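Visitor: kindly generate the corresponding structure for this input.
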Amino acid sequence: QRERIFHGPDHLHMSRERKRGSVETLLKLVSGQPVEDTFAYASIPPENLKGRYRYVITLDSDTFLPPGAAHRMAGAMMHPLQIRQRIQGRILHPRMEVSASSVKTRLSQLLGSAGGSDPYNALYPDFYGDYLFSGNFAGKGIIDPAAFLAATENKIVPGLVLSHDLLEGQLSGCSCASDIILYDSHPASLRGFLFRHHRWTRGDWQLLCYLLPFYPGIPREILHALNTLSRHKLWTNLLRSIISPLRILVLLYLAFSGRPILFLAVLLLPELPFLFPFDANAFLSCLARISSLPLFAAMEVDAIVRSLYRQFVSHENLLKWTTAAQLSNPTDKPPMLPYYLGIGGAALLAACSLIGSVLALPGFLTAGLWALFPLITPLLEQSMERSLYPTGYMREVLGTIASETLLYYETSITGEDHGLPPDNVQVEPNKGIS
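Guide: Numbering: from 1, shown residues only. Presented below is the predicted three-dimensional model:
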């Protein structure tokens with residue numbers, strides 16, 4: 001456990017660089033490099049880690065590592081073809097799927113996925129990795145410590161980077177092993193989905209310094225550490241985070257101006273890819289995405305504004321974040337933010353639809369979905385697990401087992417033995433107590 005140090009911008013003591021600092025310190029200890037952290041507690045002397053491990057596997061607390069997956073990742077890193085890829089060979093990330101056992105609520109199934117592994121997609125193509133030789137690291141994978149540290153040294157802005165996985169993957173190089181599967185999980189509540197999305201958006205916008213020609217207090221060699229393709233990936237993430245807010249603004253304008261065809265096109269066309277292959281669950285998932293559109297749009301706007309304000313004005317709370325485990329804990333009071341956002345967006349759309357009377361019906365129907373979704377959220381957040389009631393056959397089998405167990409104690413443990421069980425009872429072939 002690392003000692004906490006005083007972090008001036010936030011006026012508190014915390015571990016250096018939080019999770020990123022922990023990973024960096026571990027990699028330095030494994031590769032035998034000097035570390036700048038001191039330790040409050042260590043189960044073994046930290047210097048004993050030098051040269052003890054060849055690779056380091058990083059996982060989240062809710063990531064499931066199947067048996068044999070670690071050995072397969074280590075074997076892939078030692079493969080001659082992987083070693084020859086000097087740029088892509090520093091990080092290897094596996095294919096990530098959603099664990100079916102983690103999908104415990106209907107809401108998690110609608111806004112996330114049903115979970116499980118798709119055998120027909122076992123060798124899915126990684127466009128960036130296969131054709132542009134620049135994979136995307138999502139924080140779960142295997143790392144070559146020495147090569148990773150050499151590639152990222154003095155290229156990450158201290159005290160600013162929140163989502164460091166993508167940045168580290170672009171700086172050090174990352175390749176994908178699509179035949180090795182690890183399993184992740186989705187939040188079980190709407191609050192978990194919203195705040196996870198908020199944290200991801202903040203993390204994307206706090207990498208803005210790598211896209212600007214000038215940033216106060218940061219040397220130009222750090223700002224220009226990424227190549228053109230990596231900068232394109234960061235720009236893509238930023239543009240993706242403003243799609244939902246722009247859709248809301250366009251929908252309000254179309255509702256106000258009375259253009260029903262364009263309104264339905266903006267509302268439905270972005271969701272069409274999620275309808276295929278078409279089934280009842282895909283339709284309900286698409287409906288849930290449309291109903292939750294104002295909620296996620298509001299969270300994205302809030303994350304962008306907070307990120308820009310903290311970067312350029314206050315310089316505080318840049319590394320502040322809430323873990324998924326904390327967000328999944330039940331609260332005494334239901335969160336009211338989704339209700340306010342959903343009903344507020346519905347009221348605004350209904351008012352615009354009322355002014356543009358030609359669009360009254362589609363606008364009012366959409367406003368109804370936006371207002372109804374937060375109200376039915378408690379039902380969707382209920383667990384899908386149901387207690388099983390024993391059938392007649394189950395009762396018969398359980399009764400037989402119980403009677404045979406009781407018979408064993410009645411015949412094998414008697415007063416003559418002072419209530420002590422025998423050492424061995426042979427049933428088949430029946431020889432009794434031996």
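
Visitor: rest of the way, CA atoms for contacts and neighbours
Guide: OK.

Visitor: by contact count, what packs against the lengthiest strand in the chain?
Guide: Counting residues, the longest strand found in the chain (DSSP state E) is strand 174-184. If you count contacts as 3 or more C-alpha pairs under 8 Å, 6 or more residues apart in numbering; DSSP states H and E, strand 174-184 packs onto helix 69-77, strand 91-98, helix 127-131.

Visitor: ok, 7 Å please
Guide: strand 91-98 (3 or more C-alpha pairs under 7 Å, 6 or more residues apart in numbering; DSSP states H and E).

Visitor: remind me what the next helix or strand after the strand it packs on packs against, helices and strands.
Guide: As assigned by DSSP states H and E, the chain's next helix or strand after strand 91-98 is helix 106-111. Applying 3+ C-alpha pairs under 7 Å, 6+ apart, one finds that helix 106-111 makes contact with helix 280-291.

Visitor: please identify the buried residues of the helix it packs on?
Guide: Ala282, Phe283, Ser285, Cys286, Leu287, Ala288, Arg289, Ile290, Ser291 (16 or more other C-alpha atoms under 10 Å).

Visitor: what do you get for stretch 378-391?
Guide: Leu380, Glu381.

Visitor: pLDDT-wise, what's the bottom of the buried residues of helix 280-291?
Guide: Across these, no position has a lower pLDDT than Ala282, which has 86.

Visitor: that one against Glu271, yeah?
Guide: No - assessed by C-alpha atoms under 7 Å, Ala282 is found out of contact with Glu271, at 10.3 Å.

Visitor: now for Pro273, how many residues are close by?
Guide: Applying other C-alpha atoms under 10 Å, we find 10 residues neighbouring Pro273.

Visitor: now do Gly89, the pLDDT please.
Guide: 57.

Visitor: what does Leu81 give?
Guide: At Leu81, pLDDT is 76.

Visitor: circling back: I'd like to know which of the buried residues of helix 280-291 is nearest to Leu249.
Guide: Nearest to Leu249 among the buried residues of helix 280-291 is Ile290, at 14.5 Å by C-alpha to C-alpha.

Visitor: spatially nearest residue to Asn317 (excluding sequence neighbours)?
Guide: Nearest non-adjacent residue to Asn317, counting by C-alpha to C-alpha, 6 or more residues apart in numbering: Asp10, 6.0 Å away.

Visitor: next SSE after the longest strand of the chain?
Guide: helix 190-205.

Visitor: just the residues contacting that next one, thanks.
Guide: For helix 190-205, the external contacting residues (C-alpha atoms under 7 Å, 6 or more residues apart in numbering) are 162-163, 187, 237-238, 241, 296, 299-300, 303-304, 307, 321, 327-328.

Visitor: try it again at 8 Å.
Guide: The contact list for helix 190-205, computed with C-alpha atoms under 8 Å, 6 or more residues apart in numbering, reads 107, 161-164, 186-187, 234, 237-238, 241, 295-296, 299-300, 302-304, 306-308, 321, 324, 327-328, 335, 338, 377, 381.

Visitor: show me which of the residues you listed are buried.
Guide: The neighbour-count criterion (16+ other C-alpha under 10 Å) marks 107, 161-164, 186-187, 234, 238, 241, 295-296, 299-300, 303-304, 306-308, 321, 324, 327, 338, 377, 381 among those as buried.

Visitor: keep only those of these that are in helices.
Guide: Judged by DSSP state H, helices contain the following of the buried ones among the contacts of helix 190-205: 107, 234, 238, 241, 295-296, 299-300, 303-304, 306-308, 324, 327, 338, 377.

Visitor: and the closest residue in space to Pro94 that isn't next to it in sequence, how far is that from Gly141?
Guide: Distances taken as C-alpha to C-alpha, 6+ apart put Ala177 closest to Pro94, at 4.9 Å, once the chain neighbours are dropped. Look at Ala177 and Gly141: by C-alpha to C-alpha, to the nearest Å, they are 10 Å apart.

Visitor: shared neighbours, these two?
Guide: With C-alpha under 8 Å, 6+ apart as the test, Ala177 and Gly141 both reach Leu92, His93, Pro94.

Visitor: what ranges does this protein have for its strands?
Guide: In the chain, the segments counted as strands under DSSP E are 5-7, 12-14, 56-58, 91-98, 141-143, 174-184, 425-426, 432-433.

Visitor: would a markdown table of these with mean neighbour count be doable?
Guide: Listed next are the strands of the chain as a markdown table, based on neighbours: other C-alpha atoms under 10 Å:
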| stretch | mean neighbour count |
| --- | --- |
| strand 5-7 | 13 |
| strand 12-14 | 12 |
| strand 56-58 | 16 |
| strand 91-98 | 23 |
| strand 141-143 | 23 |
| strand 174-184 | 21 |
| strand 425-426 | 12 |
| strand 432-433 | 12 |
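
Visitor: and Glu416, which of the ones you listed is closest to it?
Guide: strand 432-433 (13.7 Å).

Visitor: now for the closest one, which elements pack on it?
Guide: strand 425-426.

Visitor: flag the shaky bits of the stretch 301-434 of the chain, pLDDT-wise.
Guide: 324-336, 338, 356-360, 386-388, 434 (pLDDT under 70).
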